[in-house]
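Peer 1: please work out how this folds:
(one chain, ligands or ions: 1)
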Amino acid sequence: MRQTALISTVMVMILLGGWLMIGAPAPWSPVGGERESAAVGPETLALGEAVYSQNCAACHGDDREGQENWRERGEDGKLPAPPLDGSGHTWHHPDDELLAIIEQGIEPFAPEGYRSDMKGFGGRLSEAEMRAVLAYLKAEWPEDKRQRQAEINARARE
Ligand code: HEC
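Peer 2: Residues are numbered from 1 along each chain as shown. This is a model prediction of the structure:
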């Protein structure tokens, strides 16, 4: 009997929690399409920002502006870090590709022998942290870039 009561309390809490998550007006800016915005809350964006400043800002810049002359290879033959603020071409990639780059770095997706400073964070960040940092980056993009990337995402899912 007591167990049934406990189970129903838990059920009510889950239902109420779900209702609050879906029903509450979103104070944050939507990321991508309707479907994605439902999953991204302020905690995720705060986590993403923290992950960014601790792991990415050193190369991609405090304001996600990238390194100078990011389109030109340095003397070591490697490309500098591009901006992640929506001014570069990051938004040309669907989420799955961006997550794969964050997780595995650039080299696995480049021709044999390509060297890049963008190493994967797979062993250092959890999947939730990698998703959160991507959500944070996207939330800061200008609306038109977000819209176009959402279309690229939709096409990639087809
Ligand atoms: C040691 C420097 C360095 C750090 C730290 C770093 N990056 Fe990068 N990142 C790069 C460089 C350099 C490139 C471009 C590499 C290339 O194209 O060869 C890049 C490319 C990328 C790209 C592809 C961008 C595009 O427009 O195609 C994404 C996404 C990215 N980084 C995300 C991140 C995230 C998220 C973090 C933190 C979790 C991070 N990076 C940390 C150097 C770094």
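Peer 1: what is the burial count for the residue nearest to L84 when sequence neighbours are not counted?
Peer 2: Once flanking residues are discounted, L84 sits nearest to R64: 4.5 Å by CB to CB, 6 or more residues apart in numbering. (C-beta placed from N, C-alpha, C; glycine too.) Residues within reach of R64, counting by other CB atoms under 10 Å, total 22.
Peer 1: what about L79, distance to E107?
Peer 2: 12 Å (CB to CB, to the nearest Å).
Peer 1: higher neighbour count, these two?
Peer 2: L79 (19 against 15).
Peer 1: so the more buried one sits against G66, correct?
Peer 2: No - the pair L79 / G66 is not scored as a contact, 10.3 Å apart, by CB atoms under 8 Å.
Peer 1: give me the buried positions along stretch 80-92.
Peer 2: By neighbour count with 16 or more other CB atoms under 10 Å, stretch 80-92 contains the buried residues 80-86, 88, 90-91.
Peer 1: now swap in stretch 59-79 and tell me
Peer 2: So for stretch 59-79, counting by 16+ other CB under 10 Å, buried means 60-61, 64-66, 79.
Peer 1: now the end-to-end length of it.
Peer 2: 11 Å (CA to CA, to the nearest Å).
Peer 1: which residues do L79 and E107 both contact?
Peer 2: S116 (CB atoms under 8 Å, 6 or more residues apart in numbering).
Peer 1: backbone torsions only: list them for K119.
Peer 2: When read as degrees, to the nearest 10, the backbone of K119 gives phi -90, psi 160.
Peer 1: which one is it nearest to, not counting chain neighbours?
Peer 2: Leaving aside its chain neighbours, K119 sits nearest to G105 (4.5 Å; criterion: CB to CB, 6+ apart).
Peer 1: quick one: the one you found and E140, what's the gap?
Peer 2: G105 is 22 Å from E140, by CB to CB.
Peer 1: and D95, by the same measure?
Peer 2: Going from D95 to E140 by CB to CB gives 15 Å.
Peer 1: what does the helix or strand hosting A46 rub up against?
Peer 2: A46 is part of helix 42-55, with elements assigned from DSSP states H and E. Helix 42-55 has contacts (CB under 8 Å, 6+ apart) with 27-28, 60, 62, 64, 121, 124-125, 128-137, 139.
Peer 1: mind listing what the residue nearest to the spatial centre of the chain touches?
Peer 2: Geometric centre of the chain, nearest residue: L134, 0.9 Å, by CA atoms, centre = their mean. L134 makes contacts with 48, 95, 98-99, 102, as judged by CB under 8 Å, 6+ apart.
Peer 1: thanks a lot, catch you later.
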